[in-house]
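Asks: Here's a sequence, model it:
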Amino acid sequence: MKNYLQKILQGQAINYEAFLKKLPDSQRRRHRELFATEKVGANRWQVTILDEAAFAELHRQAASPVSRVDAAKKGDSHRHGTDVSFLLVYHHALTGNRPDSVVITGDSVDIGFRPAPRVLVVENERNFYYYRQMLAFAGDCLGQTVDLTNSDVVLGGGNRITGTADLNWLTSYDEVLCAFDYDAGGLQMFSSVRSALGDRACYLQPADWQPWLSRFRKTPDSTERFTKALSLAEDLEFVSLAQAFRATGKFMEQEMILDE
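Replies: Below is the predicted model:
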């Protein structure tokens, strides 16, 4: 909502229907009292502010919260990332299948092991549990040995690994291997990781996607999601993955890596 409000202030045309979806229910119901609109193009409206006081209140609500508590006071704690994070990790010093943990609180990290030079971040819990197979997959992708002697394995837990505290901790590794789904969500997550970590971030994928095409079985939720995945793959210069998307019209979930 903040971006829309800023554009209105600057006199820029916006997608008004999309803007309305961002408004709190109370303001959405009376939007005609708050704004006057003039359509100036496809999905573009010029917006005039009719109620300056109400607009100022919207601007206050849209301001970036300074903490999780502040965000909760504004009605949505998820608008601010938590400064406390718990990560599950497999590492070389473990003797069983129970993972260790890392506790990150702001700039403080409570860790009971010596990190390896490299870390493999696995998006979902099932693949994380079968970390040995994921390490073997990583080795096949890179053409080198990848195991617990040179790599830790971290549970990414969906997109939580893209939180500021987690990304800051990941900077302690020389190389960050990302095992995410091969879809728009996974590519977006990797884009966020690469923005923070630069070239040390690597999106795991086979050198040749042809033998894997039969495992692309997830139908995209919408044409928009498919188009976004294609665009992200091309922007990231993952040409062969983009070709796999086009060849199959589908995505591949990382559970298919475990399918023998």
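
Asks: could you list every residue that touches the spatially most central residue of the chain?
Replies: What sits nearest the mean C-alpha location of the chain, by Cα atoms, centre = their mean, is M189, with 3.0 Å. Contact analysis of M189 by Cβ atoms under 8 Å, 6 or more residues apart in numbering lists 123, 156, 159, 161-162, 178, 180. Placement of C-beta: from N, CA and C, glycine included.

Asks: rerun that using 6 Å as the cut-off
Replies: 159, 162, 180 (Cβ atoms under 6 Å, 6 or more residues apart in numbering).

Asks: contact partners of stretch 104-123?
Replies: Counting by Cβ under 6 Å, 6+ apart, 83-85, 91, 93, 102-103, 128, 134, 138, 150-154, 156, 161, 165, 169, 173-180, 254 sit against stretch 104-123.

Asks: Could you list which of those residues belong to strands?
Replies: If you go by DSSP state E, the contacts of stretch 104-123 have 84-85, 102-103, 151-154, 175-179 in strands.

Asks: Identify, from those residues, the entry nearest to A233.
Replies: Nearest to A233 among the ones in strands among the contacts of stretch 104-123: C178, at 14.0 Å, using Cβ to Cβ.

Asks: The contacts of stretch 104-123, buried ones only, as a PyMOL selection?
Replies: Buried subset of these, written as a PyMOL selection, criterion 16 or more other Cβ atoms under 10 Å:
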select buried, resi 85+91+102+128+134+138+151+152+153+154+156+161+165+169+173+175+176+177+178+179+180+254
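
Asks: Give me the number of neighbouring residues for the residue lying closest to Y130 once chain neighbours are set aside.
Replies: Leaving aside its sequence neighbours, Y130 sits nearest to L258 (Cβ to Cβ, 6 or more residues apart in numbering; 5.7 Å). L258 is flanked by 13 other residues according to other Cβ atoms under 10 Å.

Asks: And the pLDDT at L258?
Replies: Here the pLDDT value assigned to L258 is 92.

Asks: Now stretch 99-119: buried residues?
Replies: 99, 102, 104, 109, 111, 115-116, 118-119.

Asks: For it, measure first residue to last.
Replies: 14 Å (Cα to Cα, to the nearest Å).

Asks: How far off centre is it?
Replies: Between the centre of stretch 99-119 and the centre of its chain there are 21 Å (Cα atoms, centre = their mean, to the nearest Å).

Asks: now swap in stretch 42-50 and tell me
Replies: On Cα atoms, centre = their mean, the centre of stretch 42-50 falls 31 Å from the chain's centre.

Asks: now swap in stretch 115-130 and tell me
Replies: Distance of stretch 115-130 from the chain centroid (Cα atoms, centre = their mean) equals 16 Å.

Asks: Now C141: closest residue in space that isn't a chain neighbour?
Replies: Nearest non-adjacent residue to C141 (Cβ to Cβ, 6+ apart): L204, at 5.0 Å.

Asks: Could I get the contacting residues of the one you found?
Replies: By Cβ under 6 Å, 6+ apart, L204 lies in contact with 138, 141, 177, 179.

Asks: Secondary structure class of the second one, three-state.
Replies: When classified by DSSP: H, G, I helix; E, B strand; the rest coil, C141 comes out as helix.
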